[in-house]
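*Asks:* This is the structure alone, sequence omitted:
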């Protein structure tokens, strides 16, 4: 994980230098950026622990459902409207979680 983050920092620094873009976020958004990065690292660490200690079939299946959580968060946080097809997808994902956990 540390290596992956180190490589991404170097890569984005090079891209930023070549494009002459400002790399440091504005002061008011710094807390959100740091918090997002910390939560991303925590999620990756928890995923690695789950893969090592849990059943891979369950962990991989539940992990593949993360787009549904993104849609739900977009609805809650940003107030986005879900189309009928998206609503059906979220319902199916929730049903799949219940079925996986109950087995």
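*Replies:* Sure, I can see it. Predicted, not measured: the structure shown is a model, and the values here were computed from it.
*Asks:* Let's check: the centremost residue of this structure is which one?
*Replies:* Per Cα atoms, centre = their mean, the C-alpha nearest to the average position across the chain is that of residue 40, at 6.6 Å.
*Asks:* name the element it belongs to?
*Replies:* In the assignment (DSSP states H and E), residue 40 maps to helix 30-53.
*Asks:* Let's test this: mean pLDDT of that helix, rounded?
*Replies:* Computed over helix 30-53, the mean pLDDT rounds to 89.
*Asks:* let's number from 794 now, not from 1
*Replies:* OK, 794 is where the count begins now, so the last one is helix 823-846.
*Asks:* what residues does the helix or strand following it touch?
*Replies:* The first helix or strand that comes after helix 823-846 along the chain, using DSSP H and E, is helix 849-856. Contact with helix 849-856 is made by 840, 843-844, 889-890, 893, as judged by Cβ atoms under 8 Å, 6 or more residues apart in numbering. Heads up, the C-betas are built off the backbone N, CA and C, glycines and all.
*Asks:* low pLDDT regions in this protein?
*Replies:* For the chain, the stretches flagged by pLDDT under 70 are 896.
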